[in-house]
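Peer 1: How does the following fold in three dimensions:
(2 chains)
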Amino acid sequence: MNEFFVAIGLGMCILVFLVLYRVIFGPGVFNRIAAISAIGTKTLIILLILGYVYNRVDMFIDISMVYALLNFIGSIAAAKYLEMER
Amino acid sequence: MIASSDDIIIKTIARIFVPFIQLYALYVIMHGHYSPGGGFQGGVILGASLALLLITHGYDEMKRKIPEGVIMLLGSVGVLIYAGIGLTCLLLGGNYLDYSQLSVILHVDPAHARSLGILGVELGVGFTVMAIMYSIFFDISTGGLLPGNEKRSGEWEDSE
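Peer 2: Residues are numbered from 1 along each chain as shown, chains lettered A, B, ... in the order given. Below you'll find the model as predicted:
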(Lines give C-alpha, C1' and ligand atoms only; values in the text may rest on other atoms or scores of the structure.)
Protein backbone atom coordinates (compact mmCIF):
# COMPACT_ATOMS: atom_id res chain seq x y z
CA MET A 1 0.00 0.00 0.00
CA ASN A 2 2.90 2.35 0.70
CA GLU A 3 4.23 2.09 -2.85
CA PHE A 4 0.79 2.99 -4.14
CA PHE A 5 0.74 6.22 -2.13
CA VAL A 6 4.31 7.08 -3.10
CA ALA A 7 3.44 6.58 -6.78
CA ILE A 8 0.39 8.81 -6.47
CA GLY A 9 2.46 11.47 -4.69
CA LEU A 10 5.08 11.42 -7.44
CA GLY A 11 2.34 11.78 -10.05
CA MET A 12 1.00 14.78 -8.15
CA CYS A 13 4.49 16.33 -8.12
CA ILE A 14 4.69 15.97 -11.92
CA LEU A 15 1.26 17.61 -12.21
CA VAL A 16 2.50 20.52 -10.06
CA PHE A 17 5.30 21.12 -12.55
CA LEU A 18 2.81 21.03 -15.44
CA VAL A 19 0.73 23.73 -13.73
CA LEU A 20 3.90 25.70 -12.97
CA TYR A 21 4.25 26.24 -16.73
CA ARG A 22 0.96 28.15 -16.65
CA VAL A 23 2.18 30.23 -13.73
CA ILE A 24 5.37 31.30 -15.49
CA PHE A 25 4.28 31.71 -19.13
CA GLY A 26 0.53 32.02 -18.72
CA PRO A 27 -1.10 34.87 -20.63
CA GLY A 28 -2.57 37.37 -18.21
CA VAL A 29 -2.74 37.56 -14.46
CA PHE A 30 -5.97 35.61 -13.98
CA ASN A 31 -4.45 32.45 -15.44
CA ARG A 32 -1.56 32.82 -13.00
CA ILE A 33 -3.84 33.26 -9.99
CA ALA A 34 -5.93 30.22 -10.95
CA ALA A 35 -2.76 28.16 -11.51
CA ILE A 36 -1.32 29.16 -8.14
CA SER A 37 -4.59 28.16 -6.49
CA ALA A 38 -4.43 24.78 -8.25
CA ILE A 39 -0.84 24.28 -7.06
CA GLY A 40 -2.04 24.99 -3.52
CA THR A 41 -4.69 22.28 -3.63
CA LYS A 42 -2.20 19.79 -5.11
CA THR A 43 0.28 20.59 -2.34
CA LEU A 44 -2.47 19.89 0.18
CA ILE A 45 -3.05 16.42 -1.30
CA ILE A 46 0.70 15.75 -1.38
CA LEU A 47 0.92 16.65 2.32
CA LEU A 48 -1.88 14.20 3.18
CA ILE A 49 -0.22 11.46 1.12
CA LEU A 50 3.03 12.13 2.99
CA GLY A 51 1.07 11.71 6.18
CA TYR A 52 -0.15 8.28 5.04
CA VAL A 53 3.38 7.26 4.07
CA TYR A 54 4.73 8.23 7.51
CA ASN A 55 1.66 6.82 9.33
CA ARG A 56 1.03 10.19 11.02
CA VAL A 57 -2.11 11.42 9.26
CA ASP A 58 -3.39 13.17 12.41
CA MET A 59 -0.36 15.46 12.38
CA PHE A 60 -0.41 16.26 8.68
CA ILE A 61 -4.15 17.05 8.59
CA ASP A 62 -3.52 20.10 10.79
CA ILE A 63 -0.79 21.40 8.48
CA SER A 64 -2.84 20.78 5.35
CA MET A 65 -5.85 22.63 6.80
CA VAL A 66 -3.70 25.66 7.54
CA TYR A 67 -2.32 25.44 4.02
CA ALA A 68 -5.82 25.39 2.49
CA LEU A 69 -6.85 28.34 4.66
CA LEU A 70 -3.85 30.49 3.70
CA ASN A 71 -4.34 29.52 0.05
CA PHE A 72 -7.91 30.81 0.21
CA ILE A 73 -6.91 34.08 1.87
CA GLY A 74 -4.06 34.53 -0.59
CA SER A 75 -6.34 34.08 -3.59
CA ILE A 76 -8.78 36.65 -2.21
CA ALA A 77 -5.94 39.09 -1.50
CA ALA A 78 -4.58 38.76 -5.05
CA ALA A 79 -8.05 39.30 -6.50
CA LYS A 80 -8.49 42.35 -4.26
CA TYR A 81 -5.20 43.77 -5.48
CA LEU A 82 -6.34 43.40 -9.08
CA GLU A 83 -9.61 45.11 -8.23
CA MET A 84 -7.72 48.08 -6.80
CA GLU A 85 -5.45 48.27 -9.87
CA ARG A 86 -8.38 48.73 -12.18
CA MET B 1 -6.16 51.96 1.41
CA ILE B 2 -8.43 48.96 1.18
CA ALA B 3 -12.00 49.74 0.20
CA SER B 4 -14.93 47.56 1.15
CA SER B 5 -15.78 44.87 -1.37
CA ASP B 6 -18.90 45.30 -3.48
CA ASP B 7 -19.42 41.57 -3.92
CA ILE B 8 -21.97 40.10 -1.54
CA ILE B 9 -20.60 36.56 -2.06
CA ILE B 10 -17.11 37.48 -0.86
CA LYS B 11 -18.42 39.39 2.15
CA THR B 12 -20.83 36.65 3.22
CA ILE B 13 -18.28 33.86 2.81
CA ALA B 14 -15.74 35.81 4.84
CA ARG B 15 -18.26 36.51 7.58
CA ILE B 16 -19.21 32.83 7.79
CA PHE B 17 -15.60 31.60 7.66
CA VAL B 18 -14.01 33.88 10.24
CA PRO B 19 -15.47 32.21 13.39
CA PHE B 20 -14.39 28.78 12.19
CA ILE B 21 -10.90 30.04 11.39
CA GLN B 22 -10.62 31.50 14.87
CA LEU B 23 -11.92 28.29 16.45
CA TYR B 24 -9.27 26.35 14.52
CA ALA B 25 -6.62 28.81 15.67
CA LEU B 26 -7.64 28.23 19.29
CA TYR B 27 -7.39 24.48 18.65
CA VAL B 28 -3.88 24.93 17.28
CA ILE B 29 -2.89 26.95 20.36
CA MET B 30 -4.46 24.51 22.84
CA HIS B 31 -2.99 21.39 21.22
CA GLY B 32 0.45 22.92 20.80
CA HIS B 33 2.08 20.23 22.90
CA TYR B 34 0.40 17.26 21.18
CA SER B 35 0.45 18.21 17.50
CA PRO B 36 2.22 20.68 15.21
CA GLY B 37 1.51 24.26 16.18
CA GLY B 38 1.64 26.29 19.31
CA GLY B 39 1.34 29.90 20.33
CA PHE B 40 3.02 31.49 17.34
CA GLN B 41 1.27 29.41 14.69
CA GLY B 42 -2.15 29.82 16.28
CA GLY B 43 -1.55 33.55 16.59
CA VAL B 44 -0.69 33.76 12.93
CA ILE B 45 -3.94 31.98 12.03
CA LEU B 46 -5.90 34.39 14.26
CA GLY B 47 -4.14 37.30 12.53
CA ALA B 48 -4.99 35.77 9.14
CA SER B 49 -8.68 35.72 10.08
CA LEU B 50 -8.52 39.43 10.95
CA ALA B 51 -6.63 40.12 7.72
CA LEU B 52 -9.41 38.34 5.81
CA LEU B 53 -11.95 40.64 7.46
CA LEU B 54 -9.82 43.67 6.59
CA ILE B 55 -9.54 42.59 2.94
CA THR B 56 -13.24 41.97 2.48
CA HIS B 57 -14.87 44.61 4.70
CA GLY B 58 -12.53 47.51 4.08
CA TYR B 59 -10.38 49.85 6.12
CA ASP B 60 -13.07 52.14 7.55
CA GLU B 61 -15.30 49.44 9.02
CA MET B 62 -12.41 47.49 10.54
CA LYS B 63 -10.97 50.67 12.02
CA ARG B 64 -14.29 51.27 13.72
CA LYS B 65 -14.67 47.67 14.92
CA ILE B 66 -11.10 47.05 16.09
CA PRO B 67 -9.35 50.33 16.91
CA GLU B 68 -5.57 50.40 16.88
CA GLY B 69 -5.49 51.12 20.60
CA VAL B 70 -7.29 47.85 21.35
CA ILE B 71 -4.85 45.93 19.13
CA MET B 72 -1.85 47.46 20.87
CA LEU B 73 -3.46 46.73 24.25
CA LEU B 74 -3.90 43.05 23.27
CA GLY B 75 -0.29 42.81 22.17
CA SER B 76 0.93 44.30 25.44
CA VAL B 77 -1.36 42.04 27.50
CA GLY B 78 0.15 39.00 25.77
CA VAL B 79 3.68 40.05 26.67
CA LEU B 80 2.49 40.79 30.20
CA ILE B 81 1.02 37.26 30.55
CA TYR B 82 4.30 35.73 29.37
CA ALA B 83 6.51 37.84 31.61
CA GLY B 84 4.07 37.59 34.51
CA ILE B 85 4.10 33.79 34.53
CA GLY B 86 7.89 33.83 34.31
CA LEU B 87 8.24 36.33 37.14
CA THR B 88 5.75 34.43 39.30
CA CYS B 89 7.94 31.35 38.99
CA LEU B 90 10.93 33.53 39.89
CA LEU B 91 9.18 34.92 42.98
CA LEU B 92 8.18 31.43 44.13
CA GLY B 93 11.81 30.43 44.33
CA GLY B 94 12.53 28.74 41.01
CA ASN B 95 14.21 29.80 37.81
CA TYR B 96 12.57 32.09 35.28
CA LEU B 97 9.72 30.15 33.57
CA ASP B 98 10.25 27.15 35.84
CA TYR B 99 6.60 26.12 35.77
CA SER B 100 6.79 23.42 38.42
CA GLN B 101 6.94 26.16 41.10
CA LEU B 102 3.37 27.14 40.13
CA SER B 103 2.06 24.00 41.86
CA VAL B 104 1.95 25.98 45.13
CA ILE B 105 -0.54 28.48 43.70
CA LEU B 106 -2.58 26.13 41.48
CA HIS B 107 -2.84 23.32 44.11
CA VAL B 108 -1.86 20.56 41.65
CA ASP B 109 1.15 18.30 41.40
CA PRO B 110 4.24 19.71 39.60
CA ALA B 111 3.63 17.78 36.35
CA HIS B 112 0.17 19.34 35.95
CA ALA B 113 1.58 22.72 36.88
CA ARG B 114 4.15 22.43 34.07
CA SER B 115 1.42 21.65 31.53
CA LEU B 116 -0.80 24.53 32.69
CA GLY B 117 2.13 26.96 32.78
CA ILE B 118 3.12 26.15 29.20
CA LEU B 119 -0.53 26.60 28.16
CA GLY B 120 -0.65 30.06 29.78
CA VAL B 121 2.59 31.14 28.15
CA GLU B 122 1.36 29.98 24.76
CA LEU B 123 -1.89 31.90 25.20
CA GLY B 124 0.17 35.04 25.83
CA VAL B 125 2.33 34.40 22.76
CA GLY B 126 -0.80 33.82 20.67
CA PHE B 127 -2.39 37.12 21.73
CA THR B 128 0.77 39.08 20.98
CA VAL B 129 1.41 37.46 17.61
CA MET B 130 -2.21 38.02 16.53
CA ALA B 131 -2.11 41.69 17.51
CA ILE B 132 1.24 42.38 15.88
CA MET B 133 0.41 40.49 12.66
CA TYR B 134 -2.83 42.41 12.29
CA SER B 135 -1.12 45.69 13.15
CA ILE B 136 1.56 45.16 10.50
CA PHE B 137 -1.05 44.32 7.86
CA PHE B 138 -3.18 47.30 8.91
CA ASP B 139 -0.27 49.73 8.75
CA ILE B 140 0.94 48.47 5.38
CA SER B 141 -2.57 48.74 3.92
CA THR B 142 -2.73 52.44 4.78
CA GLY B 143 0.37 53.13 2.72
CA GLY B 144 2.49 54.26 5.66
CA LEU B 145 0.40 57.23 6.76
CA LEU B 146 0.17 57.90 10.48
CA PRO B 147 -3.32 57.99 12.05
CA GLY B 148 -3.10 61.73 12.75
CA ASN B 149 -2.39 62.60 9.12
CA GLU B 150 -5.40 60.87 7.62
CA LYS B 151 -7.63 63.90 7.27
CA ARG B 152 -4.92 66.39 6.31
CA SER B 153 -3.05 64.66 3.54
CA GLY B 154 -5.99 63.74 1.30
CA GLU B 155 -3.82 61.40 -0.75
CA TRP B 156 -6.16 58.46 -0.47
CA GLU B 157 -9.08 60.06 -2.26
CA ASP B 158 -6.83 60.66 -5.26
CA SER B 159 -5.20 57.24 -5.33
CA GLU B 160 -8.45 55.31 -5.22
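Peer 1: Can you name the residues that contact residue B:40?
Peer 2: Counting by Cβ atoms under 8 Å, 6 or more residues apart in numbering or on different chains, residue B:40 touches B:125-126, B:129. To be clear about C-beta, it is placed using only N, CA and C from the backbone, and glycine gets the same treatment.
Peer 1: before we move on, what SS does it have?
Peer 2: Under the three-state scheme (DSSP: H, G, I helix; E, B strand; the rest coil), residue B:40 adopts helix.
Peer 1: how close does it get to residue B:130?
Peer 2: Distance, residue B:40 to residue B:130, by Cβ to Cβ, to the nearest Å: 10 Å.
Peer 1: Where in chain A is the helix or strand with the lowest mean pLDDT?
Peer 2: Least confident helix or strand, chain A: helix A:57-85 with a mean of 87, by mean pLDDT, DSSP states H and E.
Peer 1: What is the least confident helix or strand in chain B?
Peer 2: Scoring the helices and strands of chain B by mean pLDDT, DSSP H and E places helix B:155-159 at the bottom, with a mean of 49.
Peer 1: Ignoring the adjacent residues along the chain, who's closest to residue A:53?
Peer 2: With Cβ to Cβ, 6 or more residues apart in numbering or on different chains as the criterion, residue A:53 has its nearest non-adjacent residue at 5.4 Å, and that residue is residue A:5.
Peer 1: Compute the number of surrounding residues for the one you found.
Peer 2: Using other Cβ atoms under 10 Å in any protein chain shown, residue A:5 has 15 neighbouring residues.
Peer 1: Quick check: it touching residue A:52?
Peer 2: Yes: if you go by Cβ atoms under 8 Å, residue A:5 and residue A:52 touch, sitting 5.0 Å apart.
Peer 1: for the most centrally placed residue in chain A, helix, strand, or coil?
Peer 2: With distances taken as Cα atoms, centre = their mean, residue A:40 lies nearest the centre of chain A, 1.8 Å away. Three-state call for residue A:40 (three-state DSSP): helix.
Peer 1: From residue A:64, how far out is the closest residue to it other than its chain neighbours?
Peer 2: Using Cβ to Cβ, 6+ apart and skipping residues adjacent in sequence, the residue nearest residue A:40 is residue A:71, 3.6 Å away. Using Cβ to Cβ, we find residue A:71 at a distance of 10 Å from residue A:64.
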